[in-house]
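> Can you look at this prediction? I've put the sequence above it.
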Amino acid sequence: MPTDRVAAAHRLLVEAVDALAAAAGPGAGDDELLSVLTVSEGVARRLDRVVVGAVADLERRGTFAERGYKSAAGALGDMLGWERFEARRRVVAADQVCARTGLDGAALPAPLPA
């Protein structure tokens, strides 16, 4: 069940995507269509970063294991319908670009933070 914050974010995202679709609709000029492509790619990258961060947090908390999954990639495949390669790509990205916690509880920097 989505929280109020997630529901509000979902509503805003739907509105934004609808606005982009309208901007790319009939009568859109070349410059406008190129702008839609640029904005869409930027948003897709930001959303991918949100997904990777969520995967890292869920993996760190042990949520996938608590739900009976042997691997995070398997959990993502089941829950989101991703192919194994897609799920594995997100898990590897989460391991590489998100900060981690060591066995002693110390914060460890991400191997590839950029």
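Cool, the structure landed.
> now P2, nearest residue through space, not along the chain?
H10 (6.8 Å; CB to CB, 6 or more residues apart in numbering). C-beta: built from backbone N, CA, C; applies to glycine.
> ranges for the strands of the protein?
For the chain, the strands defined by DSSP state E cover 100-101, 107-108.
> So what are the sheet partners of the last one and their directions?
For strand 107-108, the paired strands and their directions (DSSP bridges) are strand 100-101 (antiparallel).
> re earlier: export the strands of the chain to CSV and tack on mean pLDDT, distance to A75 and mean neighbour count?
Listed next are the strands of the chain as CSV, based on pLDDT from 0 to 100; distance: least, CB to CB, whole Å; neighbours: other CB atoms under 10 Å:
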stretch, mean pLDDT, distance to A75, mean neighbour count
strand 100-101, 76, 18, 12
strand 107-108, 74, 23, 10
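> Show which residue of this protein lies farthest from the average position.
G27 (32.2 Å; CA atoms, centre = their mean).
> Can you add distance to A22 and give the strands of the chain back as JSON lines?
Shown next, in JSON lines, are those (distance: least, CB to CB, whole Å):
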{"stretch": "strand 100-101", "distance to A22": "42"}
{"stretch": "strand 107-108", "distance to A22": "44"}
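> so which of the ones you listed comes closest to A16?
Comparison of the strands of the chain against A16 by CB to CB identifies strand 100-101 as nearest, at 32.1 Å.
> what's next to that closest one, contact-wise?
With contacts defined as CB atoms under 8 Å, 6 or more residues apart in numbering, strand 100-101 is touched by A56, R60, A107, L108, A110.
> Was I right to think the third one contacts C98?
Just to be clear, that refers to A107. No - A107 is beyond contact range of C98, at 11.2 Å (criterion: CB atoms under 8 Å).
> How about the contacts made by D30?
Per CB under 8 Å, 6+ apart, neighbours of D30: none.
> thinking again about what came up before, the contacts of strand 100-101: which two are farthest apart?
A56 and A107 (13.1 Å).
> now the residue most central in space within the chain, nearest residue through space, not along the chain?
Among the residues of the chain, the one closest to the centroid is V51, at 1.8 Å (CA atoms, centre = their mean). Excluding its sequence neighbours, the residue lying closest to V51 (CB to CB, 6+ apart) is R90, at 6.2 Å.
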